[in-house]
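Structure for this input, please:
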Amino acid sequence: MSFESFISQYEPVIRLSAFFGIFALMALWEVLAPRRQLTTAKWVRWGSNIGLVFLNTFLLRLAFPAAAVGVALLAQERGWGLFNVVDVPFWFAILASVLIMDFIIWLQHVMVHAIPVLWRIHRMHHADLDFDVTTGSRFHPLEIFLSMGIKFATIVLLGPPVVAVVIFEVILNATSMFNHGNVRLPLGLDRVLRLFIVTPDMHRVHHSIEDDETNSNFGFALSLWDRLFGTYRAQPRAGHQGMAIGIRDMRDARRCAWLPGMLAIPFVGKVTGYAINRRQWEDASE
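Coordinates of the predicted model:
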């Protein structure tokens, strides 16, 4: 069995093992060295956020049983995409594919903040009243389907090796849980790490109740894209202990921490200035 065949056959086991292993490590780290005190009952949030993970996994496997790896295999068989046409070293195709897919995720993240109807879907992620490892997996099923569609299109155009897709998926899940962690890092280490990757302190700024801070630090894995495109913000104005997490007009725990209320978020309320192209920059009250 070739390496690619092994990766393809055991892709679900590899991803699930990585997910549960990293989740357990981050959960333990949060207990040993929490960055902030949580404001809502942990059992309620964790029950809802983890319940959402299982719901999204079930829906995805039902709708797309082949998943991203299946699309990569299909692209390979049919000769679709850049790296199935251009002859480059295998290692280069893997490295370039992972980097490009990370940039596409950054771009997608900016897009769901910029387009009001997509912000409706994405704001369920931001409505979490606290910020911890479970926030990293808290996405509305509609956003999961949107993300999968963008991922499929990227794979068809790019033609990445199957190994690159699995590496990217594992990195995406791992960094999402890491950078949403309610964990304390030594400040010197944080300064060095965030030159390369998105740290919890860097991404926490993105979950601020302040809309200008929400519309910054869009990266999941690499901090490069925010620095390159001018959306990087080092720290929240109120500091990590003083800042409020969430969305200004969504503070009811029944809406933000219980699963039925969370699933209804895209369909209630108005789109406010959090969506980038609805921002009223001349409004001094914001």
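
use CA for all of it now, contacts and neighbours both
Fine.

Tell me which residue is most central in this structure.
By CA atoms, centre = their mean, the chain has its centre lying nearest to residue 176, at 5.2 Å.

is it true that that residue touches residue 138?
No - at 10.2 Å, residue 176 does not count as touching residue 138 under the criterion of CA atoms under 8 Å.

lowest average confidence, helix or strand, in this structure?
One helix or strand of the chain scores below all others by mean pLDDT, DSSP states H and E: helix 3-9, with a mean of 77.

and it, what does it pack onto?
helix 162-179 (3 or more CA pairs under 8 Å, 6 or more residues apart in numbering; DSSP states H and E).

Could you give the average pLDDT over the helix it packs on?
Summarised as a single mean, pLDDT over helix 162-179 is 95.

try stretch 91-107
97.

Run the chain-centre distance for that stretch.
15 Å (CA atoms, centre = their mean, to the nearest Å).

just stretch 207-219 next, same as before
14 Å.

And stretch 238-255, by the same measure?
For stretch 238-255, the distance to the chain centre is 19 Å (CA atoms, centre = their mean).

cool, stretch 59-78 as well?
20 Å.

Can you list the neighbours in contact with it?
Outside stretch 59-78, the residues that touch it by CA atoms under 8 Å, 6 or more residues apart in numbering are 8, 11, 81, 84, 141, 145, 148, 151-152, 155-156, 159-162, 165-166.

rerun at 7 Å
8, 81, 84, 152, 155-156, 159-162, 165 (CA atoms under 7 Å, 6 or more residues apart in numbering).

Check stretch 29-37 too.
By CA under 7 Å, 6+ apart, stretch 29-37 touches 181-184, 241.

about what we covered before: next helix or strand past the least confident helix or strand of the chain?
Downstream of helix 3-9, the next assigned helix or strand under DSSP states H and E is helix 11-32.

Would you confirm that residue 137 contacts residue 54?
No - assessed by CA atoms under 7 Å, residue 137 is found out of contact with residue 54, at 10.1 Å.

Neighbour count for the two, which is higher?
Each of residue 137 and residue 54 has its neighbours counted (other CA atoms under 10 Å); residue 137 has more, 18 against 11.

quick one: residue 240 and residue 201, what's the gap?
Noted for residue 240: a distance of 8 Å to residue 201, by CA to CA, to the nearest Å.

Same drill for the two, tell me which one is more crowded.
Taking other CA under 10 Å, residue 240 and residue 201 do not tie; residue 201 has more neighbours (25 against 16).

related to what we said a few turns ago, pick out the most distant pair among the contacts of stretch 59-78.
8 and 81 (18.6 Å; CA to CA).

List buried members of the contacts of stretch 29-37 by neighbour count.
181-184 (16 or more other CA atoms under 10 Å).

just curious, which of these is nearest to residue 23?
Of these, the one sitting nearest to residue 23 (CA to CA) turns out to be residue 181, at 9.6 Å.
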